[in-house]
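Novice: Sequence first, then the predicted structure, then my questions.
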Amino acid sequence: MRMFGRKQNRNYGLTLCGGWKTLAILLLVPSLPRTSAQAADQPVLAQKIQQLTDAMTKVQTQLEQSQQQLDEMRKELTVLRSQMPQDEAVPPLAQTNSTPSPVSASPEEPPGSKETAIQDLEEHQTVLDSEIATHEQSKVESESKYPIKITGMVLLNGFVNTAAVDVAANPALATGGQGSGGASVRQTTLGFDARGPHLFGANSSADLRMDFYGSAAASASAATYSGLYNTSTGLLRLRTAHAGLYWDRTEIYFALDRPILSADAPTSLTAASVPALAWSGNLWTWNPQVGITQKIGAIESRGVQLQAAMIDVGDAPLTPPTSPSGSSNPTPPSSAEHSSRPGVEARVALLGSEQADDRNQIGAGGYFARHASSLGNRYDSWAATLDARLLLVAHLQFSGSAYRGLALGGLGAGGYKDFAYSPNTNTGGYYFRPLNDAGGWAQLKEKVNDRLEFNEAYGMDNVFANDLRRYFVYDGSVAQNLARNRTFTANVIYSPSAYLLFSLEYRYLESAPVVGVPNASNIIGLGAGYKF
């Protein structure tokens with residue numbers, strides 16, 4: 001029994017050791033699949049991390065491309081803005097909206113960064129398209145496909161004249177008698193500005209200006225005189241025109257405008273149909289010209305300006321279009337055209353440095369033209385001129401011109417006439433004398449700012465009394481016997497915006513015949529203009 005008992009205990013120990021081993025195996029067996037699964041999942045996890053990295057790299061690349069597109073659009077917008085007029089320029093893009101935030105690869109990157117950048121890009125493109133469309137609407141298409149701009153000013157002027165004048169709305173001559181008052185819109189102007197191709201290294205352009213101050217009937221007054229013929233027969237009247245090629249220092253042009261001897265003109269809002277101080281020292285008449293201008297020296301610095309032109313000078317208003325015994329011609333050639341030789345004019349000016357789109361200048365000029373009148377007499381007209389524009393202190397500017405010449409009615413002087421004449425009963429011909437003349441004008445301008453300015457000016461045209469006295473016409477018009485015409489004017493011009501102008505002006509006219517008492521008139525004028 002003892003032997004049996006010992007054997008049993010030995011087997012029990014073996015059984016117990018085997019049980020512990022079995023239990024350990026059973027405990028280890030479930031852990032083996034988990035370890036194998038973790039080892040198998042490691043490549044999958046690395047693949048997902050690589051995919052996320054690639055996606056972030058792709059997003060980074062797309063954002064960089066969007067940034068490049070924004071930069072390109074900004075450059076294109078800058079080029080377009082430089083090509084557009086100043087008042088139509090596209091406003092600059094806001095840097096806070098156009099520049100995206102730096103791209104970050106961190107997990108905190110906002111998920112909508114790409115969408116935000118694309119939305120900003122679309123918004124800027126919409127703004128750019130709108131501005132381009134607005135710019136295209138401002139272009140008036142022409143036959144040449146180059147842009148044309150319509151410009152002008154609707155001008156209302158009211159007036160009160162204390163004594164009779166030649167033209168109530170815009171007088172240049174006092175005639176004596178009862179005064180007048182009223183209002184007019186016939187000084188309204190209409191114009192076209194054209195920009196052409198780039199030719200021979202020069203810019204080309206042209207412009208045209210008209211008003212509504214013509215007359216339904218032929219007249220010899222200053223109101224309808226345009227410097228060509230004194231037979232205006234329509235309400236719409238041609239004023240000035242220019243066309244030419246323009247290099248940096250050289251201009252070649254043809255024009256209908258005042259002579260190059262008259263580089264400046266007095267400032268007035270109520271005197272537009274006939275410029276201020278016309279027939280009182282201002283050589284203003286619009287005549288056809290072909291000319292050239294050459295600047296010697298740097299463009300914006302001091303230098304010398306040379307000008308020369310050929311001019312077709314019209315007859316003065318009181319020049320007889322035909323011989324009193326001849327037949328009339330509705331459009332007769334002028335006395336200068338009868339001579340078959342064009343007039344010539346030249347001017348030399350010393351220029352100061354450019355200051356705020358203006359500069360000092362002092363000039364001297366000369367003019368000469370041959371004439372053959374319908375009365376059968378030949379004569380020469382000539383003039384020598386001096387002009388100046390000086391920028392003074394305290395916003396003051398002085399400008400003016402002076403002349404001395406012979407037979408200057410075609411340029412806007414001489415008391416509406418080039419010569420005086422009277423019948424010769426002995427020969428059946430005419431006594432004839434070209435009239436010597438001298439005059440000029442001066443203006444002081446005070447430009448307080450871009451909206452307000454004051455102007456005071458004085459001008460005089462004086463025909464030599466010794467030339468005219470022997471040709472005095474009894475019961476003749478004031479203009480026929482006019483020897484001296486003087487005008488003093490002062491005005492204030494206020495512009496609350498770039499398109500609106502208002503003016504109050506005072507003028508004093510004194511017109512003296514060669515024999516008799518001068519006529520005088522006080523003129524108070526109001527002007528309101530809308531520029532377009």
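Specialist: That came through, no problem. Numbers count the residues shown, from 1 in each chain.
Novice: pLDDT score assigned to the residue lying closest to P518 once chain neighbours are set aside?
Specialist: In space, and not counting its chain neighbours, P518 is closest to A512: 3.8 Å by C-beta to C-beta, 6 or more residues apart in numbering. The C-beta positions use only the backbone N, C-alpha and C, and glycine is treated the same way. Listed pLDDT for A512 reads 97.
Novice: Compute the number of surrounding residues for A512.
Specialist: 21 (other C-beta atoms under 10 Å).
Novice: do the one 3 residues further on as well
Specialist: Here the neighbour count serves as a burial measure; for V515 (other C-beta under 10 Å) it reads 13.
Novice: Please apply the same query to the one 10 residues further on.
Specialist: Residue crowding around G525 was assessed by other C-beta under 10 Å; the count is 23.
Novice: That one: which element?
Specialist: If you go by DSSP states H and E, G525 is part of strand 519-531.
Novice: And T175, by the same measure?
Specialist: With DSSP H and E as the test, T175 turns up in strand 174-184.
Novice: and that strand, which strands flank it?
Specialist: Next to strand 174-184 in the sheet, as set by DSSP bridges, lie strand 148-165 (antiparallel).
Novice: now the strand it pairs with: how far from the chain's centre is it?
Specialist: 20 Å (C-alpha atoms, centre = their mean, to the nearest Å).
Novice: What mean pLDDT does it get?
Specialist: On average, strand 148-165 scores 96.
Novice: List the buried residues in the helix or strand following the strand holding T175.
Specialist: Toward the C-terminal end, the helix or strand that comes next after strand 174-184 (DSSP H and E) is strand 189-199. Neighbour-count burial for strand 189-199 flags T189, L190, G191, F192, D193, A194, G196 (criterion: 16 or more other C-beta atoms under 10 Å).
Novice: Spit out the contact partners of the first one.
Specialist: For T189, the residues meeting the contact criterion (C-beta atoms under 8 Å, 6 or more residues apart in numbering) are G152, M153, L155, R209, M210, D211, R239, A272.
Novice: Tell me if the last one really is in a strand.
Specialist: No. The assignment for A272 is coil, going by DSSP: H, G, I helix; E, B strand; the rest coil, so no strand is present there.
Novice: ok, it - contacts?
Specialist: With C-beta under 8 Å, 6+ apart, A272 has these contacts: M153, L155, N157, N170, Q187, T189, D211.
Novice: what's around the closest residue to Q305 other than its chain neighbours, how many residues?
Specialist: Spatial nearest neighbour of Q305, excluding adjacent residues (C-beta to C-beta, 6+ apart): A349 at 4.4 Å. As a burial measure, A349 scores 21 neighbours (other C-beta under 10 Å).
Novice: What lies in contact with whichever strand or helix holds A349?
Specialist: Using DSSP H and E, A349 falls within strand 343-351. For strand 343-351, contacts defined as C-beta under 8 Å, 6+ apart pick out 259-261, 263, 289, 295, 297, 302-313, 336, 359-370, 381, 385, 387.
Novice: Going toward the C-terminus from that strand, what's the next helix or strand?
Specialist: Downstream of strand 343-351, the next assigned helix or strand under DSSP H and E is strand 361-372.
Novice: helices or strands up against that next one?
Specialist: strand 303-311, helix 335-338, strand 343-351, strand 378-391 (3 or more C-beta pairs under 8 Å, 6 or more residues apart in numbering; DSSP states H and E).
Novice: Give me the mean pLDDT for that strand.
Specialist: pLDDT averaged over strand 361-372 gives 96.
Novice: Next, the buried residues of it.
Specialist: Within strand 361-372, the residues scored as buried using 16+ other C-beta under 10 Å are Q361, G363, G365, Y367, F368, A369, R370, H371, A372.
Novice: How about the contacts made by the second one?
Specialist: I take that to be G363. So G363 contacts A263, Q305, R347, V348, A349, L350, T385, L386, D387, A388 (C-beta under 8 Å, 6+ apart).
Novice: Export those residues as TSV, with columns for distance to I524 and pLDDT.
Specialist: As requested, the contacts of G363 are arranged in TSV below (distance: C-beta to C-beta, whole Å; pLDDT from 0 to 100):
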residue	distance to I524	pLDDT
A263	30	92
Q305	39	96
R347	36	98
V348	40	98
A349	36	97
L350	39	96
T385	32	98
L386	33	98
D387	30	98
A388	30	97
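Novice: Now, of those residues, which are buried?
Specialist: For the contacts of G363, buried by 16+ other C-beta under 10 Å: A263, Q305, R347, A349, T385, D387, A388.
Novice: so R470, which of the three states?
Specialist: Taking three-state DSSP as the rule, one finds R470 in the helix state.
Novice: What distance do you get for it to N462?
Specialist: As judged by C-beta to C-beta, to the nearest Å, R470 and N462 stand 17 Å apart.
Novice: out of those two, which sits in the busier spot?
Specialist: Comparing R470 with N462 by other C-beta under 10 Å, the one with more neighbours is N462, at 20 against 11.
Novice: Distance from the host helix or strand of the more buried one to the middle of the chain?
Specialist: Assigned by DSSP H and E, N462 belongs to strand 452-463. Computed by C-alpha atoms, centre = their mean, the chain-centroid distance of strand 452-463 equals 25 Å.
Novice: for stretch 364-379, same thing?
Specialist: The answer for stretch 364-379 is 36 Å, by C-alpha atoms, centre = their mean.
Novice: Can you show me the CA trace of it as CSV?
Specialist: Extracted C-alpha coordinates of stretch 364-379, given in CSV (Å, rounded to 0.1, in the frame of the first residue of the first chain):
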residue,chain,number,x,y,z
ALA,A,364,8.3,136.8,-79.7
GLY,A,365,6.6,136.4,-83.0
GLY,A,366,6.1,137.7,-86.5
TYR,A,367,3.4,137.5,-89.2
PHE,A,368,3.3,138.5,-92.9
ALA,A,369,0.7,138.0,-95.6
ARG,A,370,-0.1,139.6,-99.0
HIS,A,371,-3.6,140.7,-100.0
ALA,A,372,-5.4,141.7,-103.1
SER,A,373,-8.7,143.3,-102.3
SER,A,374,-11.9,143.2,-104.5
LEU,A,375,-11.5,146.9,-104.9
GLY,A,376,-8.4,146.3,-107.1
ASN,A,377,-5.8,147.3,-104.5
ARG,A,378,-3.0,145.2,-103.2
TYR,A,379,-1.5,145.6,-99.7
